[in-house]
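S.K.: Provide a 3D model corresponding to the input given below.
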Amino acid sequence: MKSRLYLWSAMAGSRSLTIAALMLGGIACGYSPEANGHIAASVDNHSLDGLEGGNLSKEQHLALWSGYSEATEADGLTTEQVSARRQYEEISLESLFSALPVIVKNDESLAFEMFGRSQPQEGEQETVIETVGTYENYRVLQLTNLGAADDSIGGQRYRFEFEYFDNDQLNLVWVGQQRYCRHTTPPQWTHERCP
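M.R.: Residues are numbered from 1 along each chain as shown. Below is the predicted model:
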């Protein structure tokens, strides 16, 4: 079982906190829940500095550190996967593909073919695809489409999880979606239906 110790800082009002998380097999054994505001961290040389106003809320970032006991052994999932998947509505691979597994060399091309906008309509922005995580055994892409014909939905984004496969190939193992709800207070990304 691998173990890692992560340190990061946070601002709680005017107090500066140093937060430590001991990662045992991918589960965080500690974090500071009272951290409020700006959080900075470095995880496996991937900077998480400047999370305030980023793609994830403070609660979502703290959830990545909190750990879930059911997240690893039984399903073979990491804490990051379980925490992030809870923020999305799962789309079954069987509903997207007639044959499984889906093994590709270019994960971004597959993501764009599935949900990208080749010709954005009026009010729509071009599709944005970014790598949001590269881990020991898997890689995560996020595809975002902002602007939508539906007045209540400001956009949609999708999370793609790929496992590394033989000869630099990737096996698509999970897809989830979120909607950007314009009429919630504040407007936010959610896996629930928009009001």
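S.K.: ok, which stretches of the chain are helices?
M.R.: Secondary structure of the chain (DSSP state H): helices at 58-66, 79-85, 93-96, 107-115.
S.K.: as a whole number, average confidence for the second one?
M.R.: This points to helix 79-85. In this model, helix 79-85 has a mean pLDDT of 91.
S.K.: Give me the helices and strands touching that helix, please.
M.R.: helix 58-66, strand 153-165, strand 169-181 (3 or more CB pairs under 8 Å, 6 or more residues apart in numbering; DSSP states H and E). All C-beta atoms are positioned from the backbone trio N, CA, C, and that covers glycine.
S.K.: What are the buried residues along the last one?
M.R.: When neighbours are counted by 16 or more other CB atoms under 10 Å, the buried residues of strand 169-181 are found to be 170-176, 178-181.
S.K.: Reformat those residues into a markdown table and put distance to residue 84 next to each item.
M.R.: Formatted as a markdown table, the buried residues of strand 169-181 follow (distance: CB to CB, whole Å):
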| residue | distance to residue 84 |
| --- | --- |
| 170 | 17 |
| 171 | 18 |
| 172 | 16 |
| 173 | 13 |
| 174 | 10 |
| 175 | 12 |
| 176 | 8 |
| 178 | 11 |
| 179 | 16 |
| 180 | 17 |
| 181 | 19 |
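S.K.: Among those, which one lies nearest to residue 95?
M.R.: residue 175 (9.4 Å; CB to CB).
S.K.: and the closest one, what are its bridge partners?
M.R.: In this entry, residue 175 is beta-bridged to residue 91, residue 160, by DSSP bridges.
S.K.: pLDDT value on it, please?
M.R.: Looking at residue 175, its pLDDT reads 98.
S.K.: Contact partners for it?
M.R.: By CB atoms under 8 Å, 6 or more residues apart in numbering, residue 175 lies in contact with 90-91, 93, 96, 114, 158-161.
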